[in-house]
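K.L.:
any chance you could fold what I've pasted below:
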Amino acid sequence: MLYYEMKHQMRSRVLVADDSPEIRERLVSLLTELPHVEVVAECGGAREAIESIRKLRPSAVVLDISMPGGGGIHVLEKVKKEEQAPVVIMLTNFAQEAYRRRCAQLGADYFFDKSNEFDKVIDVFRAKRKSRRLNVETSAATN
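P.N.:
Predicted structure coming up:
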């Protein structure tokens, strides 16, 4: 396999969906600082997010619960039914236990409170990069 193809297969393709332009801007800024992350789209509403996820097939989605057009829980429910569902990170101000449980039931991979866990979104991508590197090194060592 060519180096270029391997390099791009190792990248996380991320879609950010939040109704706040400021939150989207902050997330995109933090994510694009990571060399293995490519932000493929930003969406401000649920319908746009569902359409973009289906069209672009990102490997991960960062979703807010409160968005126009159906909300992040609706998006979560729809995309987790897809054959190749992305990793879904819920990032919200609605961090009550009932929301956490509902999102977990629908298949959310992570759930973070915007007010005090914002940076954990970035930590997820850093951890994914480390685990991928370990998997590649391990498989290369066994060959």
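
K.L.:
three-state assignment of the most centrally placed residue in the chain?
P.N.:
For the chain, Val61 is the residue whose C-alpha lies nearest the centre (CA atoms, centre = their mean; 2.7 Å). Under DSSP: H, G, I helix; E, B strand; the rest coil, Val61 falls in the strand class.

K.L.:
on the pLDDT front, check it for me.
P.N.:
For Val61, the model assigns a pLDDT of 98.

K.L.:
that one against Val79, yeah?
P.N.:
Yes - taking contacts as CB atoms under 8 Å, Val61 lies within contact range of Val79: 6.7 Å. All C-beta atoms are positioned from the backbone trio N, CA, C, and that covers glycine.

K.L.:
name the residues contacting each of those two.
P.N.:
Common neighbours of Val61 and Val79, using CB atoms under 8 Å, 6 or more residues apart in numbering, are 53, 86, 88.
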